[in-house]
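**Student:** sharing a model prediction with you, sequence too.
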Amino acid sequence: MVVKADGLAAGKGVLMCDDEEAAQAALRQVMIEREFGAAGDTVVIEERLSGPEVSVLALSDGRTVALMPPARDHKRVHDGDRGPNTGGMGAFARRRTSARRWWTRFAARSCSRPWTAWRRAALPTSACSTPASC
């Protein structure tokens, strides 16, 4: 499971736990020892997912949406996915042509639809947002 400090923790407030004992230690670290200060006043406990993670930024001028290439980062400080969370240190972006069909579908479902709805509702839509991390 994953224990997350719910407040702002400079990208460091996520603790990856391999078992219940590690999760209890993480809760003590965050809520009792207050390693992340007020950021740990509330925690979120989630299922731990494994595998690569991709983040996407979308830019809009209010009429069109442009996606930046998907980016990955190295979450843990040590090789072999070990050590504390780095908060995204060491990010890289590489666009693979083999994923072009997925990328087109993602853009239509996750980006174009919300921006179209916001524009129709006359909401301000000039922005940079993160439509997804997957």
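**Tutor:** Received it, and whenever you're ready, just let me know what you need.
**Student:** burial measure for the nearest residue to residue 29 once chain neighbours are set aside, as a count.
**Tutor:** In space, and not counting its chain neighbours, residue 29 is closest to residue 35: 5.2 Å by CB to CB, 6 or more residues apart in numbering. Where you see a C-beta, it was placed from the backbone N, CA and C, and this is true even at glycine. Neighbours of residue 35 under the rule other CB atoms under 10 Å: 17.
**Student:** quick check, pLDDT for residue 35.
**Tutor:** At residue 35, the predicted lDDT confidence score is 91.
**Student:** try residue 81
**Tutor:** 70.
**Student:** over to residue 22?
**Tutor:** So, for residue 22, pLDDT stands at 95.
**Student:** ok, the one 4 residues further on next?
**Tutor:** According to the model's per-residue confidence, residue 26 sits at a pLDDT of 95.
**Student:** secondary structure of residue 116: a helix, I assume?
**Tutor:** Yes - Residue 116 sits within a helix when classified using DSSP: H, G, I helix; E, B strand; the rest coil.
**Student:** and it, how far from residue 64?
**Tutor:** Using CB to CB, to the nearest Å, residue 116 is found at 11 Å from residue 64.
**Student:** got it, and residue 1?
**Tutor:** For residue 1 relative to residue 64 (CB to CB), the value is 40 Å.
**Student:** quick one: which of these two has more around it?
**Tutor:** Legend: neighbour count by other CB under 10 Å for residue 1 and residue 64, higher for residue 1 (15 against 10).
**Student:** quick one, what contacts that one?
**Tutor:** Contacts of residue 1 were listed using CB atoms under 8 Å, 6 or more residues apart in numbering, and they are 17, 23, 45-48.
**Student:** mind checking pLDDT for it?
**Tutor:** 92.
**Student:** quick check: domain ranges of the chain?
**Tutor:** 2-46, 55-133 (automatic domain parsing).
**Student:** mean pLDDT per helix and strand in this protein: which one sits at the bottom?
**Tutor:** The weakest-scoring helix or strand in the chain, judged by mean pLDDT, DSSP states H and E, is strand 126-133 (a mean of 57).
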